[in-house]
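S.K.: Structure, please.
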Amino acid sequence: MGKYFGTDGFRGEANVNLTYEHAIKIGRFLGWYYGVNEEKVSKILIGKDTRRSSYMFEYALAAGITASGGDAYIMHVTPTPSVSYITRTDGFDCGIMISASHNPYYDNGIKLMNSDGEKIEEEIILKIEEYLDGNFEIPLATRNIGRTIDYVEGRNRYIGYLISLSKYSFKGVKVGLDAANGSAWAIAKSVFDALGAKTYVINNSPNGFNINKDCGSTHMEVLQQYVLENGLDVGFAYDGDADRCLCVDEKGNILTGDHIIYIYGLYMKERDKLINNKVVTTVMSNFGLYKALDKVGIEYDTTNVGDKYVYENMKETGNRLGGEQSGHIIFLKYASTGDGVLTSLKIMEAILAKDKPLSELAEPVIYYPQVLKNVKVKSKPEALNDPDVREVIQKMSDKLGNDGRILVRESGTEPVIRVMAEAETDHACESAVAAIIDVIKAKGHVAN
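M.R.: Predicted coordinates for the structure are as follows:
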């Protein structure tokens, strides 16, 4: 990770630590790097979510791009995966998504994608950061100033692409959608209506301030109640930029990304479509998922937290399905990033193909109790590499055996160690976590 950009772009509070000046300079760099630097006119795609500040960043980026001689194509409010898809299919040099995902409205972010719709290369990020720090200058365009182009047609083509992926009519199925007052509001209902579903939609009235507010994939209780009150067959909740999806079954139970990986992974295996007989998870996936996968003979790779790392594994190995507990699910055959609406379509496919309710498909994944506590430390490496800390971690792992697991890791963004235990009982989790934290404290690693 760089000085400004993390694993999911440059994110911060709008005009506090992510300002319009940052956006202009990022646009200036991209317009120059993919244009004058390559002796051509750069062609850059911009999408945004529904935050009030997204308009400011959209115009700032476009101003920077055009000032460097590039052309900025504006998709307006649209999901992150649509920017990825259109960047790749329509020959753009670069794609930009303005969003802070599941964060509150006052935060925002700038995510950059390469011409393949993947997260942009690290070496380019480092060059952008050098430019942001004023380490070199970029010439202004004079007679070859760029232009902005309305490109809402890209969003419409993405909607058509999603519709084309469905193998089944949804006629007769009562589906609830929680659009989180975010990017999904512009497309999700259109897709489900076109496929024949009886679509019920909530939280699809964005006003710039209500994105993710008591709704969407971070507040599943809203959709749970809605599904039960309206007797729906299934519910899907998205986050602010619609690259995540979590589900609610017909009984009102929440299904996480772990359940989605199990359900669709098994569906792929049954059709001989699961390449390498393997799915990709992160270290935060629940122990119950692994137990369920073991029972049906599906193998798994485990990566660091972040869809970036899941995708890197999939690209390298050819694994076709992977994702995070949070609902970032990647279907490599169809997309290079998490796609919330695509995920909901794939779950619908499994339900209809197997002619079973969602609760029955998810039943084998029995979630284990989990306790996660953060410990603020003076030095993350010193705390983690302390022999006594390593010893107690091993001791607790041995104690849980095949009935649980311990995960102790550094935070990527804070000066903390995250201590997690999963076991068959809450008491076993609490005891294991407490034993490890006690040793961290006793060895003097805790910061004041």
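S.K.: For the rest of this, base every contact and every neighbour count on C-alpha atoms.
M.R.: OK.
S.K.: the domain parsing of the chain - what is it?
M.R.: 5-155, 166-362, 370-442 (automatic domain parsing).
S.K.: Make JSON lines from the ones you listed and add mean pLDDT to it.
M.R.: Output for the domains of the chain, formatted as JSON lines (pLDDT from 0 to 100):
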{"stretch": "domain 5-155", "mean pLDDT": "96"}
{"stretch": "domain 166-362", "mean pLDDT": "96"}
{"stretch": "domain 370-442", "mean pLDDT": "92"}
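S.K.: need those domains in CSV with distance to Asn448, can you?
M.R.: Below are the domains of the chain laid out as CSV (distance: least, CA to CA, whole Å):
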stretch, distance to Asn448
domain 5-155, 26
domain 166-362, 27
domain 370-442, 8
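S.K.: Include mean neighbour count when you put the ones you listed into CSV, please.
M.R.: Output for the domains of the chain, formatted as CSV (neighbours: other CA atoms under 10 Å):
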stretch, mean neighbour count
domain 5-155, 21
domain 166-362, 21
domain 370-442, 17
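S.K.: Now do the buried residues in the host helix or strand of Ile159.
M.R.: Using DSSP states H and E, Ile159 falls within helix 152-165. For helix 152-165, burial by neighbour count (16 or more other CA atoms under 10 Å) applies to 154-155, 158-159, 161-163.
S.K.: Out of those residues, which is nearest to Thr142?
M.R.: The shortest approach to Thr142 among the buried residues of helix 152-165 belongs to Gly154, at 29.3 Å (CA to CA).
S.K.: Quick check on Gly109: phi, psi?
M.R.: phi -160, psi 160 (degrees, to the nearest 10).
S.K.: Oops, could you answer that again for Lys443 instead?
M.R.: The phi/psi pair for Lys443 (degrees, to the nearest 10) is phi -90, psi 0.
S.K.: Repeat that for Gly404.
M.R.: Torsion angles, degrees, to the nearest 10, at Gly404: phi 170, psi -170.
S.K.: repeat for Val41
M.R.: Taking degrees, to the nearest 10 as the convention, Val41 sits at phi -90, psi 120.
S.K.: what sits against it?
M.R.: Residues in contact with Val41 (CA atoms under 8 Å, 6 or more residues apart in numbering) are 34-35, 69-71, 146.
S.K.: Could you do Phe5 as well?
M.R.: 11, 125 are the contacts of Phe5 under CA under 8 Å, 6+ apart.
S.K.: Bridged to it, which residues?
M.R.: On the basis of DSSP bridges, Phe5 is bridged to Phe10.
S.K.: Next one: it from Asn304, what distance?
M.R.: As judged by CA to CA, to the nearest Å, Phe5 and Asn304 stand 18 Å apart.
S.K.: pretty sure Ala335 is touching Val83, no?
M.R.: No: assessed by CA atoms under 8 Å, Ala335 is found out of contact with Val83, at 11.0 Å.
S.K.: before we move on, back to that, are there helices or strands packed against the helix holding Ile159, and which ones?
M.R.: strand 71-77, helix 80-89, helix 188-194 (3 or more CA pairs under 8 Å, 6 or more residues apart in numbering; DSSP states H and E).
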